[in-house]
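> give the three-dimensional model of this entry:
(one chain, ligands or ions: 1)
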Amino acid sequence: MPMESEQSSPGTGTVTEERVKVKRPRKYKVILLNDDYTTMDFVVMILETIFGKSPAEAVQIMLNVHHKGKGLCGVYSKEIAEAKIEAVHRKAREEGFPLRCTMEPE
Ligand code: TYC
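Okay, here's the model as predicted:
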């Protein structure tokens, strides 16, 4: 087939190089905020149950937030970070605590 052999002969084709941009999805820091009313025990429980911290880690993070005003709970994808924040706010509301947390891009 003459057409085919002509098309596949070396040096006659068009080379199009495509740079495919791939970006890793952004991660978000979930930050716990201090307040004067939420009990220390409740914050420790939140850190253990929602953020998977050990009892010792949870106490450390809670005290860090208590003394410095805010502290890192974990780094997650946008959806997971949003879900964690929602879970914290829901549990806090159920118990009548004003505990707040927020997220910021890593
Ligand atoms: N400051 C609170 C108290 O003295 C304890 C606390 C710690 C509250 C961390 C919120 O994110 C927090 N009872």
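
> CA atoms for contacts and neighbours, from now on please.
Noted.

> let's see stretch 53-68 as CSV, backbone CA atoms only.
As requested, the backbone C-alpha atoms of stretch 53-68 are provided in CSV (Å, rounded to 0.1, in the frame of the first residue of the first chain):
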residue,chain,number,x,y,z
LYS,A,53,-4.3,10.9,68.2
SER,A,54,-2.9,8.8,71.1
PRO,A,55,-3.9,10.0,74.6
ALA,A,56,-0.5,11.5,75.1
GLU,A,57,-0.5,13.3,71.7
ALA,A,58,-4.0,14.5,72.3
VAL,A,59,-3.0,16.1,75.7
GLN,A,60,0.1,17.7,74.1
ILE,A,61,-1.9,19.3,71.3
MET,A,62,-4.7,20.4,73.6
LEU,A,63,-2.2,22.1,76.0
ASN,A,64,-0.5,23.7,73.0
VAL,A,65,-3.8,25.1,71.8
HIS,A,66,-4.7,26.2,75.4
HIS,A,67,-1.4,28.1,75.7
LYS,A,68,-0.8,29.4,72.2
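
> skip ahead from the lowest-mean-pLDDT helix or strand in the chain and say which helix or strand is next.
Ranking every helix and strand in the chain by mean pLDDT, DSSP states H and E puts helix 2-7 at the bottom, with a mean of 42. The helix or strand immediately downstream of helix 2-7 is strand 27-33, counting by DSSP states H and E.

> what's in contact with that next one?
65, 69-78, 81, 85, 99-106 (CA atoms under 8 Å, 6 or more residues apart in numbering).

> hmm, 6 Å instead?
When contacts are defined by CA atoms under 6 Å, 6 or more residues apart in numbering, strand 27-33 is touched by residues 69-77, 100-106.

> which among those residues end up buried?
Neighbour counting over those (16 or more other CA atoms under 10 Å) leaves 70-76, 100-103 as the buried ones.

> for those, give me TSV that also has pLDDT and distance to residue 41.
TSV is the format used below for these (pLDDT from 0 to 100; distance: CA to CA, whole Å):
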residue	pLDDT	distance to residue 41
70	98	17
71	97	16
72	98	18
73	97	16
74	97	19
75	98	23
76	98	24
100	98	15
101	98	16
102	98	20
103	98	23
